[in-house]
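A.B. asks: Quick one, what's the 3D model for this:
(one chain, ligands or ions: 2)
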Amino acid sequence: MPDLYINGKWVDAAGGGTRTVLDPANAQPLAEVAEAASEDVDAAVRAAREAFDAGPWRSTTAAERGDYLRTVADGLQERRGELGRIESLDTGKTVAEAETDVDDITNVFRYYADMADKDAGRMVDTGVPNSISRVVYEPIGVCSLIAPWNYPLLQMSWKLAPALAAGNTCVIKPSEVTPLATVELVKIIEAAGVPAGVVNLVLGDGPGVGAPMTSHKGVDMVSFTGGLETGKRIMATAAADVKNIALELGGKNPNVVFADADFDTAVDFALNAVFFHSGQVCSAGARLIIEESLKDRFVDELVERAGKIKLGRGQDEGVEVGPMVSEQHRDKVEGYIQSALDEGATLRCGGKRPEGDQYRDGYFLEPTVFDDCTREMTIVREEVFGPVLSVETFTSEEEAIALANDTEYGLAGGVWTSDASRGQRVAGALRHGTVWINDFHPYVPQAEWGGFGKSGVGRELGHHGLDEYRETKHIWQNTAPEPMRWFQGEER
Ligand SMILES: NC(=O)c1ccc[n+]([C@@H]2O[C@H](COP(=O)([O-])OP(=O)(O)OC[C@H]3O[C@@H](n4cnc5c(N)ncnc54)[C@H](O)[C@@H]3O)[C@@H](O)[C@H]2O)c1
Ligand SMILES: C[N+](C)(C)CC=O
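C.D. replies: Ligands and ions are numbered 1, 2, ... in the order given. As a prediction, this is how the structure comes out:
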């Protein structure tokens, strides 16, 4: 079946291009999908433009749009197991993780369904006689939504649900590495009866498809989740037409552990913070910043447990961590491991590919811990996006905060302490978009997500996540107009 969805029809790429999608656990082909080109993007943008300018979407009521989103949410839950399996095969993550993603996505569609008709704007008390002043919200227009490979369905849904709730039309593109579940999402959207042209799906890589989605004159907004360098490129391209942009970029996230933290829980969460999904998480707690007096005992325990994490195919029973998403990505992570060795960090565990026939063809990498790291090291400064933990130490609260904030990113961070006021103090001082106290990783549709610094521009989720996709308009009415005679004029 063709797998581009343009103007309500499933079509092949106009140029006949295709791409083979691989299973990262064994490098075997999973599927052959269309590889679009700029002419397909043009057709998709035109369809979205037409649906926005002349089609029914803008004139649907907010409540009707909410109903569509609720139907999509129901469709997601009906296919939860199937979607989880597809996402697991495509990304390498475990089925349990992928099913949790489907639950999160369902909640996001329901959250924005409920929000769609709850905030029509506000009346303004101007203090000016005979005036009615109203602030209202309107959709921005045609939105290009571009997602990465680590959470394909989830990251797309964090954009698509609010964009549709606000009344926009969209052209969407998953990563070329992991397109499969997004095709299924669009089938669910189609089955929900969302009108033709409102959601258009193109598949393909960044230069061939993502770039024209960013530069096309018919696009009003670009919302992107992915790497910092791509984000910079998108921002520069969008600037040519002063397009609206929203960017969710990388992170180099500190996990700060004080000596008074509950030991077992802090070790357990430190493992999860960095090794969940093989560290391929934007908010991975890849920098352990730990109080000097606790470091040796803590890192010994961490290393012991990291060595026992069960690697394997995400679909197999008992597997805790899957492979890296691609050969190219594993090569990149291995480059960072080499840099840590070259720059003098102490390798405590991992650092290599696991042995055994079951790992031979897949892109696996052992959970890796580097001790004795310093803030100048590449492994501490750059986003590795793999199962690699760096360990730094501190001796005072001020030093812990300074280390945690010493990053060009600012996405997320954790603080572990049994002193409640210290937890709040440190959380208040961290320059990161999300701070967890005695926890790591949770996110909910109700609370904004996004980064300080080079971790991005704007926010997803929460109220702000809807505002990203709305224009704000002020409507002023003079209810008793009469000439004001500001200009009296003079004879010339
Ligand atoms: N902040 C967040 O919430 C968040 C969430 C998930 C992932 N991420 C980040 O995503 C990155 C990993 O994802 P990735 O490797 O897929 O990122 P990437 O930047 O390589 O690609 C992301 C998407 O952009 C597309 N793309 C590439 N070049 C493009 C161009 N010139 N114009 C338009 N689109 C282009 C890709 O095809 C893909 O769909 C990490 O840095 C991670 O931290 C951030
Ligand atoms: C935003 N999040 C944490 C779901 C995925 C980041 O890669």
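A.B. asks: buried ones in stretch 123-136?
C.D. replies: Judged by neighbour count (16 or more other CB atoms under 10 Å), stretch 123-136 contains no buried residues. The C-beta positions use only the backbone N, C-alpha and C, and glycine is treated the same way.
A.B. asks: swap that for stretch 60-69, please
C.D. replies: Buried, per 16+ other CB under 10 Å, within stretch 60-69: Thr60, Ala62, Arg65, Gly66, Asp67, Tyr68, Leu69.
A.B. asks: nearest spatial neighbour of Thr237, skipping sequence neighbours?
C.D. replies: Thr214 (4.6 Å; CB to CB, 6 or more residues apart in numbering).
A.B. asks: ok, how many other residues are close to the one you found?
C.D. replies: Residues near Thr214, counting by other CB atoms under 10 Å, number 25.
A.B. asks: circling back: from the buried residues of stretch 60-69, which one has the minimum pLDDT?
C.D. replies: pLDDT across the buried residues of stretch 60-69 is lowest for Thr60, at 92.
A.B. asks: sec struct for it, please.
C.D. replies: coil (DSSP: H, G, I helix; E, B strand; the rest coil).
A.B. asks: That one against Ala166, yeah?
C.D. replies: No. Counting by CB atoms under 8 Å, Thr60 stays clear of Ala166, with 11.6 Å between them.
A.B. asks: Need the three-state assignment for Arg485.
C.D. replies: coil.
A.B. asks: Let me see the backbone angles for it.
C.D. replies: phi 50, psi 40 (degrees, to the nearest 10).
A.B. asks: Identify the residue of the stretch 201-350 of the chain closest to ligand 2, quick one.
C.D. replies: Relative to ligand 2, the nearest point of the stretch 201-350 of the chain is Cys282 (3.3 Å; CB to the nearest ligand atom).
A.B. asks: for ligand 1, what are the nearby residues on the stretch 1-150 of the chain?
C.D. replies: With the criterion set to CB under 6 Å from any ligand atom, the stretch 1-150 of the chain comes near ligand 1 through Ile146, Ala147, Pro148, Trp149, Asn150.
A.B. asks: SS state for the third one?
C.D. replies: Classification of Pro148 into helix, strand or coil gives coil, according to three-state DSSP.
A.B. asks: Name the nearest residue to it, ignoring sequence neighbours.
C.D. replies: Nearest non-adjacent residue to Pro148 (CB to CB, 6+ apart): Gly226, at 4.5 Å.
A.B. asks: and that neighbour, how many neighbours?
C.D. replies: Neighbours of Gly226 using other CB under 10 Å come to 22.
A.B. asks: Could you do Asn253 as well?
C.D. replies: 30.
A.B. asks: ok, now Asn272?
C.D. replies: Neighbours of Asn272 using other CB under 10 Å come to 14.
A.B. asks: Spatially nearest residue to it, not counting backbone neighbours?
C.D. replies: That would be Phe440: by CB to CB, 6+ apart, it lies 6.4 Å from Asn272.
A.B. asks: ok, the one you found touching Asp268?
C.D. replies: No. Taking contacts as CB under 8 Å, Phe440 lies outside contact range of Asp268: 9.8 Å.
A.B. asks: The two: which is more packed in?
C.D. replies: Phe440 (25 against 15).
A.B. asks: Is that one part of a helix or strand, or is it coil?
C.D. replies: Assignment for Phe440 (three-state DSSP): coil.
A.B. asks: What pLDDT does the model give it?
C.D. replies: 98.
A.B. asks: for Ala120, same thing?
C.D. replies: 88.
A.B. asks: How about Val135?
C.D. replies: Reported pLDDT for Val135: 98.
A.B. asks: Repeat that for the one 10 residues further on.
C.D. replies: Looking at Leu145, its pLDDT is 98.
A.B. asks: helix, strand or coil for it?
C.D. replies: Going by three-state DSSP: Leu145 is strand.
A.B. asks: Can you report how many residues lie near it?
C.D. replies: Neighbour tally, Leu145, other CB under 10 Å: 26.
A.B. asks: For it, list each beta-bridge partner.
C.D. replies: With DSSP bridges applied, the residues forming beta bridges to Leu145 are Ile172, Ser223.
A.B. asks: Please report how far it lies from ligand 2.
C.D. replies: 15 Å (CB to the nearest ligand atom, to the nearest Å).
A.B. asks: can you pull the contacts of the spatially most central residue of the chain?
C.D. replies: Of all residues in the chain, the one closest to the mean position by CA atoms, centre = their mean is Gln155, 4.3 Å from it. Residues near Gln155 by CB atoms under 8 Å, 6 or more residues apart in numbering: Ala147, Pro148, Thr225, Glu248.
A.B. asks: from the residues you listed, which would you call buried?
C.D. replies: Here, 16+ other CB under 10 Å leaves Ala147, Pro148, Thr225, Glu248 buried among the contacts of Gln155.
A.B. asks: Show the contacting residues for the closest residue to the third one other than its chain neighbours.
C.D. replies: With CB to CB, 6+ apart as the criterion, Thr225 has its nearest non-adjacent residue at 4.0 Å, and that residue is Glu248. Glu248 makes contact with Gln155, Phe224, Thr225, Gly226, Cys282, Trp449, Gly450, Gly451, Ser455, Gly456, Gly458, Glu460, according to CB under 8 Å, 6+ apart.
A.B. asks: any idea how far Asp220 is from the residue nearest to the second one when sequence neighbours are not counted?
C.D. replies: Closest residue to Phe224 apart from its sequence neighbours, by CB to CB, 6+ apart: Ile146 at 4.6 Å. Between Ile146 and Asp220 the computed distance is 15 Å (CB to CB, to the nearest Å).
A.B. asks: Tell me which of the two has more neighbours.
C.D. replies: Ile146 (25 against 21).
A.B. asks: need the contact list for that one.
C.D. replies: Ile172, Lys173, Gly210, Met213, Thr214, Val222, Ser223, Phe224, Thr225, Gly226, Ile234.
A.B. asks: Surely Tyr137 touches Lys118?
C.D. replies: No. Between Tyr137 and Lys118 there is no contact under CB under 8 Å: 11.2 Å.
A.B. asks: Can you pick out the residue with more neighbours from these two?
C.D. replies: Legend: neighbour count by other CB under 10 Å for Tyr137 and Lys118, higher for Tyr137 (18 against 12).
A.B. asks: pretty sure the more buried one is in a helix, no?
C.D. replies: No. Checked against three-state DSSP, Tyr137 lies outside a helix; its state is strand.
A.B. asks: now it, nearest residue through space, not along the chain?
C.D. replies: Arg470 (4.2 Å).
A.B. asks: Could you measure from the one you found over to ligand 2?
C.D. replies: Distance, Arg470 to ligand 2, by CB to the nearest ligand atom: 22 Å.
A.B. asks: swap in Asp125?
C.D. replies: 39 Å.
A.B. asks: Also Glu383?
C.D. replies: Distance from Glu383 to ligand 2, counting by CB to the nearest ligand atom: 11 Å.
A.B. asks: list the contacts for that residue?
C.D. replies: Gly227, Leu228, Gly250, Gly251, Lys252, Ala286, Tyr409.
A.B. asks: List phi and psi for it.
C.D. replies: Dihedral angles for Glu383 - degrees, to the nearest 10 - are phi -70, psi 120.
A.B. asks: Could you do the one 5 residues further on as well?
C.D. replies: Phi and psi for Val388, reported as degrees, to the nearest 10, are phi -130, psi 120.
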